[in-house]
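Colleague: Curious how this folds, go ahead:
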Amino acid sequence: MLTNKRGRKTGCTFLSDEVEKIISESIKKVYTARGVTFSVVWKEVEVSCKEKGILVPSRQTVTSRIKSILPEAERDRIRLGSDAANQRHQARPGKLLTNHPLAWVEMDHTLVDVLVLADDRIHIIGRPWLTILIDVFTRVILGYYLSLHAPSAISVACALSHAVLRKDEFVKGLGLEAGDYPFYGVPTVLYMDNAAEFKSAKLQVGCHLFGIDAMYRPLGKKHYGGHIERLIGTMMTSKVHFLKGTTMSNAVARRNLDSEKQATMTFSDFCAWFAREVALYHATIHSGIGSSPRQAWVNYFSPAGGIPYPPQVTDSHQFKLRFMPEKNAFNSTKWY
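Modeller: This next block holds a predicted model:
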């Protein structure tokens, strides 16, 4: 019986010293800024190899080399930023372990990495702002608000209302199935950063009236809200950065991009696309919980003899009024 089998180990790829050097230099050159992906590094390797007349290694081989050279924590620090990386890899005192939906909901804003067009499909009108809420227990996107104005008390009121209230009319207006967005409910804890719009008197009073405990990240500890930051980072790097008109997240990734010329989506187009991506996200296995967000929600709120769905707010109009700034309280609002 052979006990010391010689030859190449399974899964091991041997490359020439020159190719190894190109890969190493490409990692140092390109894998340095937030939002960078394995594909960006592979593209750099591909260009360098072709310039030297060398056979280009596969994307999988380059990915393996990146993983062997850079530890996961360091890759996350580069790709997602220090805050999100700390959330994933550092132990934190007092870390909350939730055991049911709506116990802990995080909310934050981000400027989306894509340019959108006016309805004439000629003029660029800017990048959308997204305000989004995630239920930590199920990872469900409980609600969101897309706009072309900077974050404000209006953004917060609209996003929170979208999260708490049923979304029947919302999905109908976007042409989605009725069951594509069955998530709603009043959170026990609403966790935010210290931005002014999250600390307005209107929000504080509204939260008190509806039994919501408004809590805030410790100053200088952004990674304490890592679930929402990781969600935002993932949606940018795995979804938005593949759209025509993307601005990417850094100068390296933007190299050779002409975002204004490539933009094709109007704001309404983007809103419809984003809603479909949210539905897809809810149906996809989440590594953090071992199931899809939808399944995690359904497993808890089981219609067949399980725990009933959360109670509905009886007067949705009044709920919106309690959080909307006074001068906008009676204006009609779109949730996307």
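Colleague: and after the helix or strand containing residue 169, which helix or strand comes next?
Modeller: In this structure, residue 169 sits in helix 168-173 according to DSSP states H and E. Later in the chain than helix 168-173, the nearest helix or strand by DSSP H and E is strand 189-192.
Colleague: That next one pairs with which strands?
Modeller: When sheet partners are counted by DSSP bridges, strand 189-192 sits next to strand 104-111 (parallel), strand 213-216 (parallel).
Colleague: Report the rounded mean pLDDT for the longest one.
Modeller: Looking at strand 104-111 alone, the average pLDDT works out to 95.
Colleague: Please enumerate residues in contact with it?
Modeller: With CB atoms under 8 Å, 6 or more residues apart in numbering as the test, strand 104-111 has contacts from 96, 98, 127-137, 142, 151, 155-156, 159-160, 163, 187-193, 195, 198, 225, 227-229, 232, 236. Every C-beta, even on glycine, is put in place using the N, C-alpha and C of the backbone.
Colleague: try it again with 7 Å
Modeller: Contacts to strand 104-111, defined as CB atoms under 7 Å, 6 or more residues apart in numbering, come from residues 96, 98, 127, 129-136, 142, 151, 155, 159, 187, 189-193, 225, 227-229, 232.
Colleague: Mind checking which of those residues land in helices?
Modeller: If you go by DSSP state H, the contacts of strand 104-111 have 155, 159, 227-229, 232 in helices.
Colleague: farthest pair in those residues?
Modeller: 155 and 227 (19.4 Å; CB to CB).
Colleague: Over to residue 152: give its phi and psi.
Modeller: phi -160, psi -180 (degrees, to the nearest 10).
Colleague: What about it, how many residues nearby?
Modeller: 19 (other CB atoms under 10 Å).
Colleague: need the contact list for it.
Modeller: The contact partners of residue 152, by CB under 7 Å, 6+ apart, come to residue 197.
Colleague: Repeat that for residue 204.
Modeller: residue 214.
Colleague: That one - that's part of a helix, no?
Modeller: Yes - counting by DSSP: H, G, I helix; E, B strand; the rest coil, one finds residue 204 located in a helix.
Colleague: For this protein, give me the ranges with low pLDDT.
Modeller: 1-13, 34-35, 80-97, 220-225, 251-254, 303-306, 327-336 (pLDDT under 70).
Colleague: domain ranges for it?
Modeller: 17-70, 99-328 (automatic domain parsing).
Colleague: just to revisit the earlier point, so which of the strands paired with strand 189-192 gets nearest residue 182?
Modeller: That would be strand 104-111 among the strands paired with strand 189-192, by CB to CB, at 16.3 Å.
Colleague: What's the end-to-end length of stretch 57-77?
Modeller: The first and final residues of stretch 57-77 sit 26 Å from each other (CA to CA, to the nearest Å).
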